[in-house]
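Q: got a predicted structure plus its sequence, pasted below:
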Amino acid sequence: PGTGRIRERFRANTAPNFDARGAAVSAIDHVVSLLLVPERCARLNEQIRLDSSQLGLAEVLDELTETGFDRRARTERLRSIQRGLQSVLVTRMIELASADHTSDDVRATLEMHLKRLQRRLDRRSSTDGPDASHDAMLARLLDRFLNQNAWGDEATVTPLDLPPGSPIGSPGFGDCSWEE
């Protein structure tokens, strides 16, 4: 009793011991996945087009990147978790940019952001240590996505389907028309 596997337990990279880093990275992934939803990102882009004082997708991506890459954690244990955050951010941004249902303006914003991040990681990976090797790994991952098309066929722009019914302004549609 009390020792069997139950569904509430985290999978562990350190089995049979509890994987504290794995639990932290799982929580990070949960939050980042909720932030980087195609529809939410499209709304952020639309929001800033309507009112430039509002928060936009580029600003959200900049804040996530600053949190994950610019603020150095104080201890090695926290830096390990920070590297997990960095992996999650890069992976989720690539997945979002690659998703069929991601709009072209969101994809363009993401690809611009990922290109800037790749250049930064290339510069940072020229030193030694776990942070530099991790930066090099992420830079290679970004290179495969951005330059080698390792993520499949290029996504095409797919316009939204038109709603059923007569177009606005056609006879029988009521008082709507393009003419004044």
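A: It's in.

Q: contacts only, for Gly56.
A: Going by C-beta atoms under 8 Å, 6 or more residues apart in numbering, Gly56 touches 44-45, 47-48. No exception for glycine: its C-beta is placed from N, CA and C like everyone else's.

Q: an error on my part: the question was meant for Leu96.
A: For Leu96, counting by C-beta under 8 Å, 6+ apart, the contacting residues are 36, 38, 41, 102, 106, 110.

Q: next structured bit after whatever helix or strand Val32 lives in?
A: Assigned by DSSP states H and E, Val32 belongs to helix 20-35. Of the helices and strands lying after helix 20-35 in sequence (DSSP H and E), the nearest is helix 38-50.

Q: mind listing what's buried in that next one?
A: 38, 41-42, 44-45, 48 (16 or more other C-beta atoms under 10 Å).

Q: wait, which of those residues is closest to Leu138?
A: Leu138 lies nearest to Cys41 out of the buried residues of helix 38-50, by C-beta to C-beta, at 20.7 Å.

Q: and the closest one, what does it touch?
A: With contacts defined as C-beta under 8 Å, 6+ apart, Cys41 is in contact with 57, 60, 96, 102-103, 106, 109-110.

Q: ditto for His101
A: Taking C-beta under 8 Å, 6+ apart as the test, what His101 contacts is Pro38.

Q: next: Ser33.
A: Per C-beta under 8 Å, 6+ apart, neighbours of Ser33: Arg92.

Q: what about it, distance to Ala27?
A: From Ser33 over to Ala27 the distance is 11 Å, taken as C-beta to C-beta, to the nearest Å.

Q: which helix of this protein spans the most residues?
A: Looking across the chain with DSSP state H, the single longest helix is helix 76-98.

Q: orientation of that helix relative to helix 38-50 in degrees?
A: Helix 76-98 runs at 80 degrees relative to helix 38-50, counting by axes from the mean of the first three to the mean of the last three C-alpha atoms, to 10 degrees.

Q: from the chain's centroid, how far away is helix 76-98?
A: Counting by C-alpha atoms, centre = their mean, to the nearest Å, helix 76-98 is centred 9 Å from the centre of its parent chain.

Q: returning to what we had before: can you pick the most crowded of the contacts of Cys41?
A: Val106 (24 neighbours; other C-beta atoms under 10 Å).

Q: which stretch of helix or strand covers that residue?
A: Using DSSP H and E, the element containing Val106 is helix 104-124.

Q: got the buried residues for that helix?
A: Neighbour-count burial for helix 104-124 flags 106-107, 109-110, 113-114, 117-118, 120-122, 124 (criterion: 16+ other C-beta under 10 Å).

Q: tell me what angle it forms with helix 38-50.
A: With the same axes, to 10 degrees as the basis, helix 104-124 and helix 38-50 are set at 100 degrees to each other.
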